[in-house]
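[1] Sequence and predicted structure, then a few things I'm wondering about:
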Amino acid sequence: MALKNSMLAVDVVSTDGNDTKPDETPIFYSLAPGEIDNNCGYKLGRNREVYFYEQSDKTIDFFRIGSTTQDEIIDYMNTHNLVNKVNELANETTVYGE
């Protein structure tokens, strides 16, 4: 959707200790593809994991919905020839915050 809209906004948000699990860093990357929908995001793990979050429709809280490793993401991108798509997306990305 972000490529279709030629825009991806990423809000970098520092979280306090209450919002950070022991296996992840205290930075939350909130994704807003084309600034249309910002109910998903991710945190980086301390050992190269990536934890994905979704915001509940009924609350402002985000819930962990899955995880993978950075190496698995890189392997998938290389196997499916997606490096150029990632570069295109990077050119359309604006990062707000830290």
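    Looks like it arrived, so ask away.
[2] Who does V95 form a beta bridge with?
    Residues found in beta-bridge contact with V95 (criterion: DSSP bridges) are V10.
[3] how near is it to F62?
    19 Å (Cβ to Cβ, to the nearest Å). For glycine as for every other residue, the C-beta is placed from the backbone atoms N, C-alpha and C.
[4] So which of these two has more stuff around it?
    For V95 and F62, the more surrounded residue by other Cβ atoms under 10 Å is F62, and the numbers stand at 20 against 11.
[5] mind listing what that one touches?
    For F62, the set of contacting residues under the criterion of Cβ atoms under 8 Å, 6 or more residues apart in numbering consists of F28, G41, Y53, E54, Q55, S56.
[6] again with T25
    T25 makes contacts with K43, L44, G45, R46, as judged by Cβ under 8 Å, 6+ apart.
[7] By neighbour count, which of those residues wins?
    Neighbour counts for the contacts of T25 (other Cβ under 10 Å) peak at K43, which has 24 neighbours.
[8] Could you name the helices and strands sitting against the helix or strand that contains it?
    In this structure, K43 is located in strand 40-44 according to DSSP states H and E. Strand 40-44 makes packing contacts with strand 27-33, strand 49-55 when contacts are defined by 3 or more Cβ pairs under 8 Å, 6 or more residues apart in numbering; DSSP states H and E.
[9] mind checking how far the first one is from the chain centre?
    Centroid separation between strand 27-33 and its chain, computed with Cα atoms, centre = their mean, to the nearest Å, is 5 Å.
[10] Rounded mean pLDDT for it, please.
    Mean per-residue pLDDT for strand 27-33: 74.
[11] quick one: strands adjacent to it?
    Taking DSSP bridges as the criterion, strand 27-33 forms sheet pairs with strand 8-14 (antiparallel), strand 40-44 (antiparallel).
[12] and the angle from it to strand 49-55?
    Following axes from the mean of the first three to the mean of the last three Cα atoms, to 10 degrees, one obtains 60 degrees for the angle between strand 27-33 and strand 49-55.
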